[in-house]
Structures are given as structure tokens and as C-alpha cells.
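A.B. asks: dropping the sequence and predicted coords here.
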Amino acid sequence: MGLEDELRLLSMLAGACLLLFPAALQAQTVWDMPTEYPQHAMPGVGLTAFTKYVAESSAGKLEIRPSFDAKAGIKSAGMLAAIAEGRVQAGDAFAGALEAEDPIFALPSLPFLVTSTADAKRLADIARPHLAAALQKKGLRLLI
């Protein structure tokens with residue numbers, strides 16, 4: 001895995017890639033989850049795997065219906081608002097586009113911040129509670 005892949009993985013994991021509007025947990029069995037990433041790009045493949053994991057883990061009680069390439073009309077910068085407004089129940093966003101919401105979201109888009117997969121994992125582990133706190137201030141929750 002190259003540095004670019006590692007940074008993309010960190011971006012996907014740490015970048016509020018999977019967000020949830022808390023009320024949706026009780027009200028929905030099917031969640032719409034848009035992303036602007038293509039289905040066959042690494043973040044899209046990760047989202048597809050996540051949807052399968054959720055379906056299996058919930059014994060089919062929760063289905064996540066992803067949409068790729070911003071087909072839902074929601075790009076990363078507008079993802080938090082779309083979820084908070086209830087237009088979708090969850091979303092996968094590029095963290096750098098959320099920097100205007102909170103500076104912590106710029107972290108995964110900083111170049112050359114990590115040089116190995118191990119460094120990327122450590123940074124993601126350190127950043128996760130800060131990302132979660134920034135989302136919590138908006139009534140949202142980081143899923144991973």
C-alpha cells in the first residue's frame with residue numbers, strides 16, 4: 001500500500017466518511033448514504049464493504065443504500081447539512097471539504113503527514129475522538 005493509498009484510507013476513515021443522524025437509528029431500516037466518490041475507487045469499495053458488513057451484523061435489519069459519484073446531488077462540503085436536515089441518514093465525505101465546519105477535518109488532507117501504514121493508523125486513532133467531538137457538536141455521530 002503506497003503513501004497515497006494510506007492517505008486516502010485515513011481520509012476515508014477519519015474524515016467523517018460515515019456519518020449518522022442519531023434520530024435515524026430508531027426511525028429507519030433503510031438508510032441512504034451518498035458519497036461523491038466513484039463506486040470502484042478505494043473509498044467507494046470501502047463503502048460497499050461497509051454496507052455488506054452492516055447488513056450481516058444487523059441480520060438484515062438495517063440496510064444501507066449507497067449512492068456514488070454525487071448522484072444524490074450532495075457533495076462532501078454539504079454532507080453534514082444534508083444529514084442534519086434529514087435529507088439522508090448517513091454519508092461518506094472527503095474530510096478536507098469539511099474544514100469550514102471545523103479545522104480538525106483538514107487533518108487527513110495534509111500532505112506528507114504520515115509515511116507508513118502504521119503511522120496512518122496511529123494518526124487515525126489519535127484523530128478519531130477529535131473528529132467525533134466535532135461531529136457531536138452538530139448532533140451527528142462518527143460511525144467508525
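C.D. replies: Noted; the coordinates are in hand.

A.B. asks: my guess is D69 meets H40, correct?
C.D. replies: No - between D69 and H40 there is no contact under Cβ atoms under 8 Å: 10.3 Å. Any C-beta I mention is one placed from the backbone N, CA and C, and that applies to glycine too.

A.B. asks: more neighbours: these two, which one.
C.D. replies: A count of neighbours by other Cβ atoms under 10 Å puts D69 above the other of D69 and H40, at 13 against 9.

A.B. asks: and the closest residue to the more buried one other than its chain neighbours, how far is that from A81?
C.D. replies: With Cβ to Cβ, 6 or more residues apart in numbering as the criterion, D69 has its nearest non-adjacent residue at 5.6 Å, and that residue is P38. Between P38 and A81 the computed distance is 23 Å (Cβ to Cβ, to the nearest Å).

A.B. asks: go on, E56?
C.D. replies: Counting by Cβ to Cβ - E56 and A81 are separated by 31 Å.

A.B. asks: which one of those two has more residues nearby?
C.D. replies: Comparing E56 with A81 by other Cβ under 10 Å, the one with more neighbours is A81, at 12 against 9.

A.B. asks: in terms of pLDDT, where does that one sit?
C.D. replies: pLDDT recorded at A81 is 94.

A.B. asks: which helix or strand contains it?
C.D. replies: helix 79-84 (DSSP states H and E).

A.B. asks: list the buried ones in that helix?
C.D. replies: 79-80, 82-83 (16 or more other Cβ atoms under 10 Å).

A.B. asks: and whatever helix or strand comes next after it, what does it pack onto?
C.D. replies: Sequence-wise, the next helix or strand downstream of helix 79-84 (DSSP H and E) is strand 90-91. Where contact means 3 or more Cβ pairs under 8 Å, 6 or more residues apart in numbering; DSSP states H and E, strand 90-91 is packed against strand 19-20, strand 30-34, helix 79-84.
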